[in-house]
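Asks: Sharing a model that was predicted from the sequence below.
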Amino acid sequence: MADVATFDAQAVTEAVAEGIEKIKNASTMEELKAIKTQYAGADSAMTKASKAIGALPKDQKKDAGKLMGKLRADFGRAFGTKEQEVKAAEEAAKLAAEAVDMTQPVRRHPLGARHPLPKLMEDVQDFFISMGWQVADGPEVETEWYDFDALNFGPDHPARQMQDTFYIKGNQAKDAAGFVGSNMVMRTQTSSDQVRALITRGVPLYIACTGRVFRTDELDATHTPVFHQCEALAVDKHLTMADLKGVLDKLAVAMFGPEAKSRLRPSYFPFTEPSAELDLWFPDKKGGPGWIEWGGCGMVNPNVLKSAGLDPTVYSGFAFGVGIERTLLLRHDINDMHDLVEGDVRFSEQFAMGE
Ligand code: DAH
C-alpha cells in the first residue's frame, strides 16, 4: 500500500476549485473533455483522494467521504452547466452557418413570351385544319412570275413598280419548271403561293398559306415594310361565291367571336373575277359597331387556273387574303404598328396567357 497517496483535504479542494475555474473559462467541448480527464479522470487528484479515504483512520473517513461527495458534485454541476452552454452555442453557430435566406430573390432567366403574330398565325392555321384544309407555304424570295404573271397581273401593273416591290438585284430564276429569266422579288403577297400549290399539289385543292410579305412601305402607325398575310385558296368542281361567303363568316367568328360576320363589296383584283373587298362586322368598333375593311377575295380568275394548267370550264375556285397584323390590331384594339415590330417583351407578355 506504499504508493497509495495520503488523503489531503486542502490539496484536493484546491485542485477541484482550479478545475471548476478552468471549466468556467472553457468554450469548446474539446477543452471541456480535456479538463474532465485532468481533474476527474483516473490520474486526477480527486480520484486519488477518493482512493486514499480507505487508508484513513475510521473517525476521519466520514468527513473525508462527505468532502469528496461535495467536491465531486460541485465539479459535476459546473461541468454539466458549461457543457449545455457550449453545446447550445456550437449548435447555434452550425445553424447560422447553414442558414438559407428564403427572402433572397432567386436569380433565374426571365421567361419572356411568344410574339402574338406567330401565335395568331397558328390560330388561323388551326381554323383551316379544323375544316380539313391543308397548310401550304411558299418561299419569301419568289419569282416575279409566281408573284405577278401567274396571277394575271399585266406587265404594266403598278404593283410591280420599284416603289412597291423589292427586287433582288441581278438575280434571275433558274427554275426547272421553265420560268428561267423571271426576276426574283421579295414576295409582295401570299397569293404567290396559289399557282405554286396548284402545280405541286394538284386539284381538288384547299389550302391556307400564312407568312411574311414585303413591300417598300415606310414604317408608320399603320404600315410596315414587312408584314404577314393569310391566303386561302379552294379549287374544285362547282365551287361558288356562297362557299366563299360561308368560309369567311366562319373565319370571322373564329377570330372575333360569335357576333362577327363578313360582307362583300365589289372590287377589283387581277387574280379574281368577280372580286370583292372583304368587310368585317365589328361590334367593338370605336364609336359603335360597324363594318371595317379586313381583306380581299373573289372567285379565282380563269387565267390563274390556266397558269396552273387547269381547264376553267371544269374547275372553279375562290380565294381570299387577310392581313395578320390588321387582324391582331383590330382584335386587341392596338393603335400603333410600332408595338408589333419593336420586339418589347412587355408587349408580348400581354398575350402570353393561356398559350
Ligand atoms: N393579295 C391581296 C393583297 O395582298 C389580297 C387578296 C385579295 C388575296 C383578293 C386574295 C384575293 O386571294 O382573292 O392585297
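Replies: Noted; the coordinates are in hand. Numbers count the residues shown, from 1 in each chain.

Asks: Now do the same contact list for Met241.
Replies: Residues counted as contacts of Met241 (Cβ atoms under 8 Å, 6 or more residues apart in numbering) are Leu264, Pro274, Met299, Phe318. Placement of C-beta: from N, CA and C, glycine included.

Asks: can you rerun that using 6 Å?
Replies: By Cβ atoms under 6 Å, 6 or more residues apart in numbering, Met241 lies in contact with nothing.

Asks: okay, now Ile199: neighbour count?
Replies: Residues lying near Ile199 (other Cβ atoms under 10 Å) number 15.

Asks: residue ranges with poor pLDDT in this protein?
Replies: Within the chain, the segments meeting pLDDT under 70 span 1-4, 171, 173-180, 353-355.

Asks: same thing but 80
Replies: Within the chain, the segments meeting pLDDT under 80 span 1-5, 104-110, 162-163, 170-182, 284-287, 353-355.

Asks: How is it divided into domains?
Replies: Domain assignment for the chain by automatic domain parsing gives 9-97, 116-354.

Asks: So which of those domains has the densest surroundings on average?
Replies: Highest mean neighbour count among the domains of the chain (mean count of other Cβ atoms under 10 Å): domain 116-354, with a mean of 17.

Asks: following the helix or strand where Lys94 lies, which helix or strand comes up?
Replies: Secondary structure from DSSP states H and E places Lys94 in helix 58-98. Downstream of helix 58-98, the first helix or strand assigned by DSSP H and E is helix 116-130.

Asks: is any part of that following helix close to the ligand?
Replies: No: Helix 116-130 is not in contact with the ligand by Cβ under 6 Å from any ligand atom; minimum separation 13.7 Å.

Asks: and after that helix, which helix or strand comes next?
Replies: strand 134-136.

Asks: for whichever helix or strand comes after that next one, packing partners?
Replies: The C-terminal neighbour of strand 134-136 among helices and strands, as given by DSSP H and E, is strand 141-143. Applying 3 or more Cβ pairs under 6 Å, 6 or more residues apart in numbering; DSSP states H and E, we find strand 141-143 packed against no helix or strand.

Asks: How far away from the center of its chain is strand 141-143?
Replies: The chain centre lies 33 Å from the centre of strand 141-143; the measure is Cα atoms, centre = their mean, to the nearest Å.

Asks: Note down every partner strand of it and its orientation.
Replies: Note on strand 141-143: by DSSP bridges, its sheet partners are strand 183-186 (antiparallel).

Asks: hmm, back to that, what about the domains of the chain, which gets the closest to Arg107?
Replies: Taking Cβ to Cβ, domain 116-354 is the member of the domains of the chain nearest to Arg107, at 17.9 Å.

Asks: Thanks again, I'm all set now.
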